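> Show me the folded form of this:
(one chain, ligands or ions: 2)
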Amino acid sequence: MGTALLYDEEMTRYKLLWLDPDCELERPERLTASHEALVSCGLAARCVSIPVRQATDDDILLIHSEEYLEAVKKTPYMTLEDLREFALVYGCVYFHPNSYRCATLAAGAALQLVDGVMTGRVRNGLALVRPPGHHSMRSAANGFCVFNNVAIAAKYAQQKYGVQRVLIVDWDIHHGQGVQYAFEDDPSVLYFSWHRYEHQKFWPELRESDYDSVGKDKGAGFNINVPWNKVGMQNSDYLAVFFHVLLPVAYEFCPDLVLVCAGFDSAIGDPEGEMCATPDIFAHLTHLLMNLAGGKLCLMLEGGYNLTSLSQSVCVTVRTLLGDPAPRPANLQGPCQSALESIQCVRAAHRKYWSCLKLAAGAPPSEVSTKRIKLEEKEREEKLQRGEAADSKAGITWPQPQTCVLPPVRTAVVIPEEMACPDGCKRFNLSQHADSLSDKCDPPLFHQNNHNGPLESHVLSFPLSLHAVSTLSSLTVLLGKMEKNEICNGLAVVGDVSMAMAPVIQHATSLKQRVLVVCVGGTEVPSHLPEDGTTLTVHISKEAPEEPSCKYYIPVRLKNSCGDTSGFAQAILSVLLPLAYEYDPALVLLTRLPGSGGLNDGAWQQLVSLLQGLAWGHVLVLVQECHKALVKPTAAALSGSPAPSLGRLPAPVVEDFEALERLRVRLQADWMLLRTSVQESGAEDN
Ligand code: X5A
Ligand code: ZN
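Ligands and ions are numbered 1, 2, ... in the order given. As a prediction, this is how the structure comes out:
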């Protein structure tokens, strides 16, 4: 199942015909540059190309009024003066004789993409369209938008395919007020938007873009606004919102389809957004959404006005949709105070609607924010007096997103001979690779054992069966190949997971690389864990100790074992992922130990899938022989199949939930990505 790319050159054939500084950003090159970038890095060729069609009147009327449609239909016949006058009625928008045609193609492309995904022809996709859609309203064009492509697509999916719940994620830097208005009282469409707001000083300057617009009537709780009250937001700020607001709610909502208002004006270099998140962040935003709704993910282009930043972001996004590993999420320093203030406010505003937010803190006293605004204004004035430009948009540069050579093997499995090799995987047993051991590029395995090698003496002092030795040896070779990026990820069935872990950790840390160890189940603290930061261990289990013993061993105690899927999901989304992203490992070792009973396969697959956002996807999974049945689902997740939806999550078990929250708060001093509220005391008090 592939990734669709929808594009039609026709959508480049309209432009601004008069002088208007507010509209000149929205130009045809946005589309040509994005598409050319996809072609030149070979991504377009890897996508399934689905033809674009025009949306019909009926399609457009799903969201817009007849009067408005009729008015737009007349624009192709208008004179320049008429067009100008027509556009003036609305805000921040222009019309061209070809605008109407392009707007029907933009909406039609979104619908074709929904058709492709809903019929199973493709798994996911991106529609590269102009004009954008999320600002347009029932009877009004606005903010470069004519028809609300994504809103139409959501209604269409519900009507044509009986889709019940649609999640719309709007990561464009502007508030898609058109989408908010369309679904404000509708609990079947959850709309999430973050946007530059600056306490209502930024366009469209609407009161209803603030965090306290949560939806109306039956739709209360189904509209989530995250206002950015400062420019310069970074990768950590975006990720913190995903981990602590969007993802927990999205998993609880359990959408059947995810649509994204994919505007890239939220990336660094964009003249509208003035944010500092780098294009690679879109790999992670995309990856983190790819396991919702069984992977049914449709992205429609909205904004994005810096052609370089836009093209890079589009490429990174499509690469991720195709299943390539995401770049390492380097240098995450935790969210800034202003972002934390917004996160705290949103969580507080929504805690009565979502059980995942039930324990969220209250909103910070508004005096905190007032104080900060005053301080900032003073700062700005001083800057201006010193002659520094208020915004230094010009000189912004950033490194090009990294790409890695795709390893020839995605998933290698070390499993008992009698087990069939799972689809899409390569069996990797030492006996079958005996020749490769003498290969020039392979480390001479048995030689390595003698000094500081992977199979250290204390490990070998266990009475090992020949089979166990050969499995451990296979693992060592496998790790070496992952290290060299010849294999992306791996899965091994071992007789004793806790024993197999030690040499693997040792091997990895001897390469002076950080290793994230995730243990699920297990009754005791894993032994042989270095405490010097070369590994970070997160131990999720019924029996995990109550208190962390050091910064790098984090027990997550779920008393109801892992059988409470809500608690488990919360542990993954709001504790494990933030820790893992901040730690930025070079390798992830995921182990499934006995005593993890009750955890359902779907939840396990979610974990396996989500962890692949780290370490360029280098994840090694060890499961104990008693969990042989996990081979198939684990291998599927490792080879890139989306995890199945967890279903509608029940309310979490209170005791576990409270313990998780206490743990998160306790760890906040060491791990900044775990923060969800402004620090009570601190520098800003003076
Ligand atoms: C789709 C989009 C922005 C309009 C900005 C008007 N519109 N100042 O990014
Ligand atoms: Zn925008």
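> Which parts of the stretch 1-150 of the chain are helices?
29-40, 43-46, 57-61, 66-73, 80-88, 99-118, 149-161 (DSSP state H, counting those that start in this stretch).
> so which of the ones you listed comes closest to L622?
Closest approach to L622 among these (CB to CB): helix 43-46, 31.8 Å. C-beta: built from backbone N, CA, C; applies to glycine.
> roughly how far is the closest one from the heart of the chain?
Distance of helix 43-46 from the chain centroid (CA atoms, centre = their mean, to the nearest Å) equals 22 Å.
> Kindly spell out which helices and strands sit in contact with it.
strand 2-6, helix 29-40, helix 307-321 (3 or more CB pairs under 8 Å, 6 or more residues apart in numbering; DSSP states H and E).
> picking up where we left off before, dump the helices of the stretch 1-150 of the chain to JSON lines, plus mean neighbour count, distance to ligand 1 and mean pLDDT.
JSON lines is the format used below for those (neighbours: other CB atoms under 10 Å; distance: least, CB to the nearest ligand atom, whole Å; pLDDT from 0 to 100):
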{"stretch": "helix 29-40", "mean neighbour count": "18", "distance to ligand 1": "10", "mean pLDDT": "98"}
{"stretch": "helix 43-46", "mean neighbour count": "17", "distance to ligand 1": "23", "mean pLDDT": "98"}
{"stretch": "helix 57-61", "mean neighbour count": "17", "distance to ligand 1": "18", "mean pLDDT": "99"}
{"stretch": "helix 66-73", "mean neighbour count": "15", "distance to ligand 1": "17", "mean pLDDT": "98"}
{"stretch": "helix 80-88", "mean neighbour count": "15", "distance to ligand 1": "13", "mean pLDDT": "98"}
{"stretch": "helix 99-118", "mean neighbour count": "25", "distance to ligand 1": "11", "mean pLDDT": "99"}
{"stretch": "helix 149-161", "mean neighbour count": "24", "distance to ligand 1": "10", "mean pLDDT": "99"}
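> Identify whichever of the ones you listed lies nearest to ligand 2.
Evaluated over those, closeness to ligand 2 peaks at helix 29-40, with 11.3 Å, by CB to the ion.
> Pass me the low-pLDDT residue ranges in the stretch 501-650 of the chain, would you?
561 (pLDDT under 70).
> Could you export the helices of the stretch 1-150 of the chain as JSON lines, including distance to ligand 2?
Formatted as JSON lines, these follow (distance: least, CB to the ion, whole Å):
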{"stretch": "helix 29-40", "distance to ligand 2": "11"}
{"stretch": "helix 43-46", "distance to ligand 2": "23"}
{"stretch": "helix 57-61", "distance to ligand 2": "21"}
{"stretch": "helix 66-73", "distance to ligand 2": "21"}
{"stretch": "helix 80-88", "distance to ligand 2": "18"}
{"stretch": "helix 99-118", "distance to ligand 2": "15"}
{"stretch": "helix 149-161", "distance to ligand 2": "13"}
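> With distance to H195 as extra columns, can I get those helices in TSV?
What follows is these, written out as TSV (distance: least, CB to CB, whole Å):
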stretch	distance to H195
helix 29-40	19
helix 43-46	28
helix 57-61	25
helix 66-73	24
helix 80-88	23
helix 99-118	21
helix 149-161	15
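> domains of this structure?
The record's domain parsing of the chain by automatic domain parsing lists 1-15+25-163, 167-173+186-277+334-387, 410-677.
> Tell me if the second one is near ligand 2.
Translated: domain 167-173+186-277+334-387. Yes: Domain 167-173+186-277+334-387 reaches ligand 2 (CB under 5 Å from the ion) through D172, G263, D265.
> OK, contacts around the first one?
The one in question is D172. The contact partners of D172, by CB atoms under 8 Å, 6 or more residues apart in numbering, come to P132, H134, S193, H195, C261, A262, G263, F264, D265, S266, E302, G303.
> hmm, 7 Å instead?
H134, C261, G263, D265, S266, E302, G303 (CB atoms under 7 Å, 6 or more residues apart in numbering).
> what about G294, how many neighbours?
Per other CB atoms under 10 Å, the neighbour tally for G294 reads 17.
> my guess is it meets G647, correct?
No: in terms of CB atoms under 7 Å, G294 does not count as a neighbour of G647; the distance is 11.0 Å.
> Pick out the residue in the stretch 51-200 of the chain sitting closest to ligand 2.
For the stretch 51-200 of the chain, CB to the ion, closest residue to ligand 2: H174, 3.6 Å.
> And the residue of the stretch 251-400 of the chain at minimum distance from ligand 1, how far from G362?
In the stretch 251-400 of the chain, the residue found nearest to ligand 1 is G303; the distance is 2.4 Å by CB to the nearest ligand atom. For G303, the distance to G362 equals 34 Å [CB to CB, to the nearest Å].
> Quick check on these two: which one has the bigger neighbour count.
Comparing G303 with G362 by other CB under 10 Å, the one with more neighbours is G303, at 27 against 11.
> which residue does the stretch 451-600 of the chain bring closest to ligand 2?
Counting by CB to the ion, the stretch 451-600 of the chain gets nearest ligand 2 through Y581, at 25.5 Å.
> what do you get for the stretch 251-400 of the chain?
Closest point on the stretch 251-400 of the chain to ligand 2, by CB to the ion, is G303, at 2.7 Å.
> quick one, phi psi at that residue?
Main-chain dihedrals, G303, degrees, to the nearest 10: phi -90, psi -170.
> That one: what's it in contact with?
Contacts of G303 by CB under 7 Å, 6+ apart are P132, D172, I173, H174, G263, F264, D265, E272.
> So which residue is smack in the middle of the protein?
For the chain, L285 is the residue whose C-alpha lies nearest the centre (CA atoms, centre = their mean; 2.4 Å).
> give the contact list for it.
W171, Y238, F242.
> thinking the first one is in contact with D265, fair?
In other words, W171. No: W171 lies out of contact with D265 (CB under 7 Å); the separation is 9.6 Å.
> Just say helix, strand or coil for V538.
strand (DSSP: H, G, I helix; E, B strand; the rest coil).
> I'd guessed L340 sits against L673; true?
No: using CB under 7 Å, L340 makes no contact with L673, being 11.1 Å away.
> Looking at these two, which is more packed in?
Higher neighbour count among L340 and L673: L673, with 25 against 21, using other CB under 10 Å.
> Spit out the contact partners of the residue in the stretch 501-650 of the chain positioned nearest to ligand 2.
Evaluated by CB to the ion, the stretch 501-650 of the chain has G613 as its residue closest to ligand 2, separated by 25.1 Å. Contact partners of G613, counting by CB under 7 Å, 6+ apart, are H284, H287, L288, A326.
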